[in-house]
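> quick one: sequence plus predicted model below, questions after.
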Amino acid sequence: MDSAHIISAGVRVDGTVRGAGTLRVAGTVDGAIDLDGDVVVEPGGETRGTISGDSVEIAGVVNGDITAERNLEVDASGKVHGDLSA
């Protein structure tokens, strides 16, 4: 079973986030995200750093490059300031 981790709205993480499973970002991450799993930046969520994951969905704001192994989706509400690779 895939475990889900949530960085809630109003929560800020400084530093690199590494792990496995699904990560949902509704708050702010100042640092890289390197996940063996899926990354979802929700509306209102913001990241400043690179994102690497199996599948990446952006509905918030990303300031950094994104690498997705399987699937990369930028929703209508998503904003990316960086390079995309899938």
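Thanks, I have it.

> please enumerate the strands of the chain.
4-7, 12-14, 17-25, 28-30, 33-41, 46-48, 51-58, 61-63, 66-74, 79-81, 84-85 (DSSP state E).

> just send these back as JSON lines, with mean pLDDT and mean neighbour count too.
C-beta coordinates here come from the backbone N, C-alpha and C atoms, glycine included. Shown next, in JSON lines, are the strands of the chain (pLDDT from 0 to 100; neighbours: other C-beta atoms under 10 Å):
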{"stretch": "strand 4-7", "mean pLDDT": "93", "mean neighbour count": "15"}
{"stretch": "strand 12-14", "mean pLDDT": "97", "mean neighbour count": "11"}
{"stretch": "strand 17-25", "mean pLDDT": "96", "mean neighbour count": "17"}
{"stretch": "strand 28-30", "mean pLDDT": "98", "mean neighbour count": "20"}
{"stretch": "strand 33-41", "mean pLDDT": "97", "mean neighbour count": "21"}
{"stretch": "strand 46-48", "mean pLDDT": "98", "mean neighbour count": "20"}
{"stretch": "strand 51-58", "mean pLDDT": "98", "mean neighbour count": "22"}
{"stretch": "strand 61-63", "mean pLDDT": "98", "mean neighbour count": "20"}
{"stretch": "strand 66-74", "mean pLDDT": "97", "mean neighbour count": "16"}
{"stretch": "strand 79-81", "mean pLDDT": "98", "mean neighbour count": "15"}
{"stretch": "strand 84-85", "mean pLDDT": "96", "mean neighbour count": "13"}
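
> look up how far Leu23 lies from the closest residue to His81 other than its chain neighbours.
Nearest residue to His81, sequence neighbours excluded (C-beta to C-beta, 6 or more residues apart in numbering): Asn63, at 4.8 Å. When distance is defined by C-beta to C-beta, to the nearest Å, Asn63 is 17 Å away from Leu23.

> ditto for Ser3
Distance, Ser3 to Leu23, by C-beta to C-beta: 10 Å.
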